[in-house]
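K.L.:
here is the input, now give the coordinates:
(chains A, B, C and D)
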4 protein chains.
Amino acid sequence: MGMVGGGADAFIGAVHRNAAALDQEIELVCGAFSSSPEKSKQTGQALYLDEQRVYDSWQQMIEHESKFPEGERMDFISIVTPNHLHFGPAKMALEHGFHVMSDKPLCFSLDEALELKTLVDKTGLLFGLTHTYSGYPMVKEAKNLIKQGMLGSVRKVYVEYPQGWLTDNIEKGGQKQASWRTDPARSGKSGCMGDIGTHAAHLAEYVSGLSISNVCADLNKIVEGRELDDDGAVLLRFDNGTSGVLVATQIAAGEENNLKLRVYGEKGGLEWNHTDANTLQVKWTDRPNELWRTGVDNQYLSEASRRNTRLPSGHPEGYLEAFANIYRNFAFAIKAVESGEKPDLDIYDYPDINDGVMGMTFIDKVVESTEKKNRWIKM
Amino acid sequence: MGMVGGGADAFIGAVHRNAAALDQEIELVCGAFSSSPEKSKQTGQALYLDEQRVYDSWQQMIEHESKFPEGERMDFISIVTPNHLHFGPAKMALEHGFHVMSDKPLCFSLDEALELKTLVDKTGLLFGLTHTYSGYPMVKEAKNLIKQGMLGSVRKVYVEYPQGWLTDNIEKGGQKQASWRTDPARSGKSGCMGDIGTHAAHLAEYVSGLSISNVCADLNKIVEGRELDDDGAVLLRFDNGTSGVLVATQIAAGEENNLKLRVYGEKGGLEWNHTDANTLQVKWTDRPNELWRTGVDNQYLSEASRRNTRLPSGHPEGYLEAFANIYRNFAFAIKAVESGEKPDLDIYDYPDINDGVMGMTFIDKVVESTEKKNRWIKM
Amino acid sequence: MGMVGGGADAFIGAVHRNAAALDQEIELVCGAFSSSPEKSKQTGQALYLDEQRVYDSWQQMIEHESKFPEGERMDFISIVTPNHLHFGPAKMALEHGFHVMSDKPLCFSLDEALELKTLVDKTGLLFGLTHTYSGYPMVKEAKNLIKQGMLGSVRKVYVEYPQGWLTDNIEKGGQKQASWRTDPARSGKSGCMGDIGTHAAHLAEYVSGLSISNVCADLNKIVEGRELDDDGAVLLRFDNGTSGVLVATQIAAGEENNLKLRVYGEKGGLEWNHTDANTLQVKWTDRPNELWRTGVDNQYLSEASRRNTRLPSGHPEGYLEAFANIYRNFAFAIKAVESGEKPDLDIYDYPDINDGVMGMTFIDKVVESTEKKNRWIKM
Amino acid sequence: MGMVGGGADAFIGAVHRNAAALDQEIELVCGAFSSSPEKSKQTGQALYLDEQRVYDSWQQMIEHESKFPEGERMDFISIVTPNHLHFGPAKMALEHGFHVMSDKPLCFSLDEALELKTLVDKTGLLFGLTHTYSGYPMVKEAKNLIKQGMLGSVRKVYVEYPQGWLTDNIEKGGQKQASWRTDPARSGKSGCMGDIGTHAAHLAEYVSGLSISNVCADLNKIVEGRELDDDGAVLLRFDNGTSGVLVATQIAAGEENNLKLRVYGEKGGLEWNHTDANTLQVKWTDRPNELWRTGVDNQYLSEASRRNTRLPSGHPEGYLEAFANIYRNFAFAIKAVESGEKPDLDIYDYPDINDGVMGMTFIDKVVESTEKKNRWIKM
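P.N.:
Reported below is the predicted structural model:
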């Protein structure tokens, strides 16, 4: 793996590296960690990398690495830059025959997204996207439970993602994460909905097995001086007519990162909270509700969740493990593809280019709906 | 107190009686418990009432009781019938000089509501409404905390009320509670929003201190064969421009009665869940979140919550105690008014005719917004 | 009902009155509320009692009331005084043909307890004891579940009762509840174990269906200047050899009243916490744990819990409702006995004189074990 | 790092490897993964190791590696075998100048423990022990909070460790983890107390800052046919006279791995549960209880917890992260020592040989106390 971005003070770069390292299936072999060659070098050193393979730019990295013989060059690039810097390296990597793992959302605009999608389809290369939450075992269990029909036909989907970290205008003070995320030039059309609303939308589709078909959105810029939405609510329609509600906000003072999904069907319901990520609440109309729990040893769980779990029940797995599942499954898929086999995506799944295009469409449409005073917009 | 409705198999009648009895400030002295004189008699007997004061109809009760001398006759009537039977006894009671306590929503239509409001204003009599949830001590604490400005200016309100008891079409099977609540002729324009959406709307206004000014609603009839909405989501605007989201549903399989309110301000947030009614979560941006707990002995709590609490901390109070607070505070207000004093409504408050008119307006407007394809409607 | 004790500022007197009033099966008709006739009178007035039946002393009350004709006189007395004042009125009431409901622990010493037991057996009168926690529906459900053999044979019992209200030496400051409870002359041999350890012991026996046969205790006086234990741990053996651990403390700073019971059998386990009293966690070795919930409408629950519940699921019942169950069931038993019928104690049970004797024995033996440096003592 | 044990089907070996890999500070360079050279080879291959450094036995590994020049040979060994196989490799590694990280408990007997302690003292080499739970950020926060005196002087310590996985006699069926843990020849004098009681004892000492000085224990063999204790309770005395209770069991049907610690002082208390490992409940007598939460960005937390955290609040860290903290801090200490610096053990601490000796003493004494019918035994 070669990394684009992720210099010393970038939070998400370290997350990607930890996640990739955890299962010892992926080795970081090179990187262009910063637009400053100096910083890139320092990061490479801190990571004990061969200094020959710490590059000044992603362009240089992709070019040089593509000249190495197979087996020696990096297998794929991992893009951990702000949104406006996803498209360039992704495109060039694909054009040079490298698989791509990218942070979310896919890119800066729907146009870019569609161009990448075309390129992926053409090259047959693999494209992964770190919608982390779908990597959690109990999220996979939820998906499986619905797929098996245990809840009956789905009738209602609620997904919410309250955060509080943008309660104050910290971007003014120069907080790095906030600065680019609230900046239209680096983040894209949407702030809150782009950053976390897309996670929520992906989770809703992933678990329910449905596709969002229409949105009616109410995005707000609540904190004074902010140029992009920091809050919003979206009424949803799915392709089978099911209705839903998606709420995302970054100004819910005192909230951490409390993504929560509830799905109700004809026979039962389920609830998953990120704050108690190893529990899946399964709810019934005629008998006690149940607590399904992560654990390789929990025989009542599906293969899908158990194979994405490392530990026995009662040993909590967290965010990095979910993230690591995406990386490991992507690595498995590369291995499979390179041996001419078909990856087993029923169990070792990861978000891909199509999820990325959906996310960019979602951003486009909720912004349009808000501009049109909460009109329903088709996805 | 004289009761209208609440015959043997009516759930809510017994709740009103238990709540009124709990604090020993109110005595049930008479009743017209059923449209069947026979059933009314049986209920009266089971309640150890003087059989002379068990009436065949509410008309008869109001007439007879009004002839008793003051001090002997009932002080107020309590109306616990289905929605379409609130207006009649309420109006007649007011016209005969009796105070009125009514189950919610106020009545069948907005027109009826406005007529009652006029009558209350004219007579100066007291009118209470059992929006139970505002009777909980920690809800009062939440209200107080916001009033004191501890969260700063309010920026966002979420309120949700998921129930699952109408997941199946149980009204077809004749379940009594379901039958009238899903019947337009007895329930009114709305099912779910009338029954529980009004509770949620009241709670949001009560705690935030704001008034809902505009709604954009998406009501659904999800279960086949149902004539009224059994589910819905409403985007809210409050009078100061604050946005909110209200969700209510009766088809969330496996949910009980999980009313939940979250309010976020510039400096902090709060969360109250009916399933853990004695806890108020208070959330901060710069220090640990806190668990404020019901208890007469918790010195950090306001008078408003402590005077609506009977027990020391760690002794859970429940639904009946919240309900009893409304009855007791109503009794205190009657006592005060009848002694020519001013009731202390800062501490011993209860929902009144204005809350009732708001609820009926809410029903009207969310139905209108849905009919107009989720257009924003002014309240 | 006639009440002994429970003057204006006595916490537990009001609890008894609220609990007795809730279901409208019991009427408070007389009382000797204080050793000060003046205070007794004031309390009687505040309670709207006939002043002829507000007595100067319990002796006077029992004597006078016993002269009233049946049907007019009180049916039973309710004793809500400190421990050293239980025995006198209880004995005299029994001797005058009145049933007795008493606050716990039964009395001041094991000798007194045995004398009362003899008297109850001789007179055939009913004797109730307010071990409140056995009045909770989910505690009854737990008992039933074990009785039905659903957990298999019981192997382990944990019960704990942490409180924090005696963290400081508040008795020095004259706090009324603390003063008598920490005073050997009014409380008895034990402080913490007498006050709350007996609740824990009763709960353990009630739910498990087993009897404590041996104890090995470690009682402590932690707060300086305290004369009675304010903390303790007891290793338990039950009659069938099962082991257990009982912990009770009043110096756990920041704890409220968090009684908790866990029982494990060969096939599963259960957990009940007073802080979430309407949930019973049922645990399995081979499938997801379950949340059993209070509710008259929850068809999977036993008669025993549903008949001690007033509300549908999701409408929390609390401490007063549990207390009220004991009073109501006691009233049912009196009614039955007085009509020559057998009370249905499988469903409408209440703690009785035998539970009281057990509690006093428990106190005696844990104190003895501590004095003997944690030797095992037979109950 | 070179690993002893941890062949393909050993649960804990993979945990150690994942934990060591996570932060990219430690590289697995060699191993003797099994007593079967064939299996060792297979494991090495699966781990992409240089086959020259996959050894047939730990003796061979230590010998060969010690011949490599510094900088090339392994820095330390990691021992992940059953208890009876800790001493041999630990001793030989120390004698050959290698640091040692070992799974817990330290070894098979107190004699072995004391011999290792002598050797560590003599060589000055580092010895780490994976008492995982002290690696959790909120456990470190708890320790710090008490050290800062925020709770006042400690008065009471409760620690409990209920598991349910040995509810059935699964060792008979050959379950690998159960087989050696319930076998006196491989596990040592104690089953449950050795396996998890030592974790609980370590946690209690680690957080409270006190040392256990006396124990009064009640160990049980509950499941038929089991040769070692599978359950037990221990009354504790700490060096300053504080009392405590330690409970550990492996037959609590339906429990996972619910280690829980509560400590109460004169001014407040704290509670940490492994099932909600990122929350520390801090409890007060005079103000609301608080939820302190893991997060590098939570400024109210101490350095000690923040430097052992990788993610911002709301991104749960789990068991592997806690485990990784021990490995990473051990690596930091090695780096420091090898550069002639002093490791910063206030922040980057890890359990060491002294904790290991304490654990082995604890095992010895609780077994002795049980044999002597729960007599108090000095540690």
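
K.L.:
helices along the stretch 101-250 of chain A, start to end?
P.N.:
Using DSSP state H, counting those that start in this stretch, the helices found in the stretch 101-250 of chain A span residues A:110-123, A:137-147, A:176-181, A:184-187, A:192, A:198-208.

K.L.:
lowest average pLDDT across the ones you listed?
P.N.:
Mean pLDDT per stretch puts helix A:176-181 lowest among the helices of the stretch 101-250 of chain A, at a mean of 92.

K.L.:
packing partners of that helix?
P.N.:
Based on contacts counted as 3 or more CB pairs under 8 Å, 6 or more residues apart in numbering or on different chains; DSSP states H and E, the elements that helix A:176-181 packs against are helix A:184-187. The C-beta positions use only the backbone N, C-alpha and C, and glycine is treated the same way.

K.L.:
what residues does the helix it packs on touch?
P.N.:
Contacting residues not belonging to helix A:184-187 are listed as A:Pro82, A:Asn83, A:His84, A:Trp180, A:Arg181, A:Gly194, A:Asp195, A:Glu227, A:Leu228 [CB atoms under 8 Å, 6 or more residues apart in numbering or on different chains].

K.L.:
now do the buried residues in that helix.
P.N.:
Neighbour-count burial for helix A:184-187 flags A:Ser187 (criterion: 16 or more other CB atoms under 10 Å in any protein chain shown).

K.L.:
does the next helix or strand after that helix come close to chain D?
P.N.:
Reading on from helix A:184-187 to the C-terminus, the next helix or strand found by DSSP states H and E is helix A:192. No. Interface with chain D: helix A:192 contributes nothing (CB under 8 Å from any CB of the partner chain), its closest point being 15.3 Å away.

K.L.:
helix A:192 and chain B in contact?
P.N.:
No. Residues of helix A:192 are not located near chain B by CB under 8 Å from any CB, the shortest gap being 11.8 Å.

K.L.:
for A:Leu110, give me its contacts.
P.N.:
With contacts defined as CB under 8 Å, 6+ apart, the neighbours of A:Leu110 are A:Val357, A:Met360, A:Thr361, A:Ile363, A:Asp364.

K.L.:
in helices, which of these appear?
P.N.:
Judged by DSSP state H, those include A:Val357, A:Met360, A:Thr361, A:Ile363, A:Asp364 as members of helices.

K.L.:
least confident secondary structure element in chain A?
P.N.:
Across the helices and strands of chain A, mean pLDDT, DSSP states H and E gives its lowest value to helix A:176-181, namely a mean of 92.

K.L.:
which residues are contacting that helix?
P.N.:
Residues beyond helix A:176-181 that count as contacts (CB under 8 Å, 6+ apart) turn out to be A:9-11, A:82-83, A:165-166, A:170-171, A:186-187, A:191, A:195.

K.L.:
returning to that earlier point: any chance of the ones in helices among the contacts of A:Leu110 in CSV, plus pLDDT?
P.N.:
Written out in CSV, the entries for those read as follows (pLDDT from 0 to 100):
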residue, pLDDT
A:Val357, 98
A:Met360, 98
A:Thr361, 98
A:Ile363, 98
A:Asp364, 98
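
K.L.:
and the helices of the stretch 101-250 of chain A: which comes nearest C:Ala113?
P.N.:
With CB to CB as the criterion, C:Ala113 lies closest to helix A:137-147 of the helices of the stretch 101-250 of chain A, at 52.3 Å.

K.L.:
by how many degrees do that closest one and helix A:198-208 diverge?
P.N.:
Using axes from the mean of the first three to the mean of the last three CA atoms, to 10 degrees, the direction of helix A:137-147 lies 50 degrees away from that of helix A:198-208.

K.L.:
what's helix A:137-147 packed up against?
P.N.:
Packing partners of helix A:137-147 (3+ CB pairs under 8 Å, 6+ apart): helix A:198-208, strand A:260-265, strand A:268-273, strand A:279-284, strand A:289-293, helix A:303-306.

K.L.:
relative to chain C, which of those is closest?
P.N.:
Set against chain C and scored by CB to the nearest CB, those come closest in strand A:289-293, at 4.0 Å.

K.L.:
between the strand or helix carrying A:Phe323 and helix D:319-338, how many degrees?
P.N.:
A:Phe323 is part of helix A:319-338 when elements are defined by DSSP H and E. Relative orientation of helix A:319-338 versus helix D:319-338 (the same axes, to 10 degrees): 100 degrees.

K.L.:
please compute how far helix A:319-338 lies from its chain's middle.
P.N.:
13 Å (CA atoms, centre = their mean, to the nearest Å).

K.L.:
how about stretch A:88-102?
P.N.:
Centroid displacement of stretch A:88-102 relative to its chain, using CA atoms, centre = their mean, is 18 Å.

K.L.:
contact partners of it?
P.N.:
Contacting residues not belonging to stretch A:88-102 are listed as A:1-2, A:4, A:16, A:58-59, A:62-63, A:65-66, A:74-79, A:81, A:86, A:107, A:115-116, A:119-120, A:123, A:125-130, A:326-327, A:330, A:334, A:356 [CB under 8 Å, 6+ apart].

K.L.:
try 6 Å
P.N.:
Residues external to stretch A:88-102 that are found in contact with it (CB atoms under 6 Å, 6 or more residues apart in numbering or on different chains): A:4, A:58, A:62, A:66, A:76-79, A:86, A:116, A:119, A:123, A:125-129, A:330, A:334.

K.L.:
among these, which ones are buried?
P.N.:
Neighbour counting by 16+ other CB under 10 Å classes A:4, A:58, A:62, A:76-79, A:86, A:116, A:119, A:123, A:125-129, A:330, A:334 among the contacts of stretch A:88-102 as buried.

K.L.:
out of the contacts of helix A:184-187, which end up buried?
P.N.:
Buried positions within these, assessed by neighbour count (16+ other CB under 10 Å), are A:Pro82, A:Asn83, A:His84, A:Trp180, A:Arg181, A:Gly194, A:Asp195, A:Leu228.

K.L.:
and of those residues, the nearest to B:Lys260?
P.N.:
When those are compared against B:Lys260 (criterion: CB to CB), the nearest one is A:Asp195, at 24.8 Å.

K.L.:
now do the contacts for the closest one.
P.N.:
Applying CB under 6 Å, 6+ apart to A:Asp195 gives the contacts A:Arg181.

K.L.:
any idea how far the most centrally placed residue in chain A lies from chain C?
P.N.:
Most central residue of chain A, judged by C-alpha distance to the mean C-alpha position with CA atoms, centre = their mean, is A:His131 at 1.4 Å. With distances defined as CB to the nearest CB, to the nearest Å, the gap from A:His131 to chain C amounts to 26 Å.

K.L.:
contact partners for that residue?
P.N.:
When contacts are counted by CB under 6 Å, 6+ apart, A:His131 is found next to A:Lys104, A:His202, A:Pro351.

K.L.:
any chance of those residues in a markdown table with neighbour count and distance to chain B as columns?
P.N.:
Rendered in a markdown table, the data for the contacts of A:His131 read as follows (neighbours: other CB atoms under 10 Å in any protein chain shown; distance: CB to the nearest CB, whole Å):
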| residue | neighbour count | distance to chain B |
| --- | --- | --- |
| A:Lys104 | 22 | 24 |
| A:His202 | 25 | 20 |
| A:Pro351 | 26 | 27 |
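
K.L.:
with respect to C:Ala277, which of the residues you listed is nearest?
P.N.:
Out of those, the one with the shortest distance to C:Ala277 is A:His202. That distance is 38.8 Å, counting by CB to CB.

K.L.:
please look at A:Asn329 and A:Tyr350 and confirm they touch.
P.N.:
Yes. Judged on CB atoms under 6 Å, A:Asn329 makes contact with A:Tyr350 at a distance of 4.5 Å.
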